[in-house]
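J.: Starting from these lines, generate the structure:
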Amino acid sequence: MDKPLIAVPAGDPAGIGPEILVKAFADGSVRRTAQCVAVGDRRIIENAIALTGVPLEVRPLGDIKDGDFSEGVLNLVPVKSIGGIEDGGMAAFRHGVVSAACGKAAFRCIEKSIALALEKKVDAVATTPINKESLQAGGVPYIGHTEIFAGLTGTKDPLTVFEARGMRIFFLSRHVSLRKACDLVQKDRIVDYVKRAFAVLRQFGVTEGSMAIAGLNPHSGEHGLFGDEEVNEVAPAVAALKAQGYPVEGPIGADSVFHLALRGKFNSVLSLYHDQGHIAAKTLDFEKTISITGGMPILRTSVDHGTAFDIAGKNLASPVSMIEAIILAAKYAPAFQGST
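T.: All right, here's what the predicted structure looks like:
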């Protein structure tokens, strides 16, 4: 069986994306697991190769079928649309600087990668970091990766899943205040979200095991002693889901549920707010916490760190998260392709 083919957009050229991309493409574990194509401007990729010193030679592709996946070759789907850089040459480019040109470039690379996936020319997309300020400066009508993927794939409400050392975490709410997050812990929202989360797990080929629903309050509120969300919202949601045949357990105290999931007791955990799950995953393994966007017609994994403008262009960026994102995309791609 051929290895899964993963498209990797170069991300914001001013950030560490190109650096970690070329380092990952030169990594033996990536080569053993997947076939990869970069999507970006040739000059930016070659600049990253020169900066990092990795032993790669760029091979531009007219057609992905012509890819040469031999060791030492970086297959590139060229995207030559980096406005200001293209107009002014590489002299107009600076690492670590917010710019409209780089925002547009990042978007166009992602746009091309999504098109390749929708056309079934690649099996998945593993994304490098982008900068929200640069996107905005470039007039890109999306605030970030998830919104871009949702918009360009016609997905109404994609789900974010974290995976770290095999532990999977879903998030009932993400970028809202803690006060708002508490207000969003509602029976009907939990039931709806868990049903969609199980559909995502099926996309990944995960059909065994149960999902744990984390508690919101300390010790899940001790039956209403300090907080009644578990009594009024979470437990009724769990009961309703069980009655419909969904294998769920909870609420389970957040101080133990992630440990239990890591040991294999559950196939996933529903975190009730952003930091509850983020802290658990990133404390376990910051670099190997990988974000997956589920519920879409294509598979996307991503590093879970930013553009790191402070170290961009200095050959200091670790490729570990990028390597893991590609490996995870390759892990789930066969089952995902079979489910669509």
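
J.: Could I get the CA-only coordinates of stretch 161-175 as PDB?
T.: Provided in PDB are the C-alpha atoms of stretch 161-175 (Å, rounded to 0.1, in the frame of the first residue of the first chain):
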ATOM      1  CA  VAL A 161      -9.700  17.700  18.400                       C
ATOM      2  CA  PHE A 162      -6.300  17.600  20.200                       C
ATOM      3  CA  GLU A 163      -4.200  14.400  20.200                       C
ATOM      4  CA  ALA A 164      -1.300  14.000  22.500                       C
ATOM      5  CA  ARG A 165       0.400  10.600  23.000                       C
ATOM      6  CA  GLY A 166      -2.800   8.900  21.900                       C
ATOM      7  CA  MET A 167      -5.100  10.900  24.200                       C
ATOM      8  CA  ARG A 168      -7.900  12.700  22.300                       C
ATOM      9  CA  ILE A 169      -9.600  15.800  23.600                       C
ATOM     10  CA  PHE A 170     -12.700  17.600  22.200                       C
ATOM     11  CA  PHE A 171     -13.700  21.100  23.300                       C
ATOM     12  CA  LEU A 172     -17.300  22.100  24.000                       C
ATOM     13  CA  SER A 173     -16.200  25.800  23.800                       C
ATOM     14  CA  ARG A 174     -13.000  27.500  22.800                       C
ATOM     15  CA  HIS A 175     -12.300  31.200  22.300                       C
END
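
J.: now it, how far from the chain's geometric center?
T.: 10 Å (CA atoms, centre = their mean, to the nearest Å).

J.: Any idea how far apart the tips of stretch 228-238 sit?
T.: 15 Å (CA to CA, to the nearest Å).

J.: Do me a favour and average the pLDDT over it.
T.: Regarding stretch 228-238, the rounded mean pLDDT is 96.

J.: Could you do stretch 301-318 as well?
T.: Computed over stretch 301-318, the average pLDDT equals 94.

J.: Show which residues not belonging to that stretch make contact with it.
T.: 11-12, 14-17, 19-20, 23, 51-53, 95-98, 124-131, 145, 162, 282, 287, 289-293, 321-322, 325-326, 328-329, 332 (CB atoms under 8 Å, 6 or more residues apart in numbering). All C-beta atoms are positioned from the backbone trio N, CA, C, and that covers glycine.

J.: ok, of these, which come out buried?
T.: 11-12, 14-17, 19-20, 23, 51-52, 95, 98, 124-131, 145, 162, 282, 287, 289-293, 321-322, 325-326, 328-329, 332 (16 or more other CB atoms under 10 Å).

J.: before we move on, back to that, mind checking which of the contacts of stretch 301-318 land in strands?
T.: 124-127, 162, 290-293 (DSSP state E).

J.: Outline the domain layout of the protein.
T.: Per automatic domain parsing, the domain ranges recorded for the chain read 5-156+297-339, 161-281.

J.: hey, which of these is tucked in deepest?
T.: domain 5-156+297-339 (a mean of 20; mean count of other CB atoms under 10 Å).

J.: In the chain, which residue sits furthest out from the middle?
T.: L225 (38.0 Å; CA atoms, centre = their mean).

J.: List phi and psi for that one.
T.: With angles defined as degrees, to the nearest 10, L225 sits at phi -60, psi -40.

J.: Of the ones in strands among the contacts of stretch 301-318, just say which sits nearest to L262.
T.: The closest of the ones in strands among the contacts of stretch 301-318 to L262 turns out to be F162 (CB to CB; 12.4 Å).
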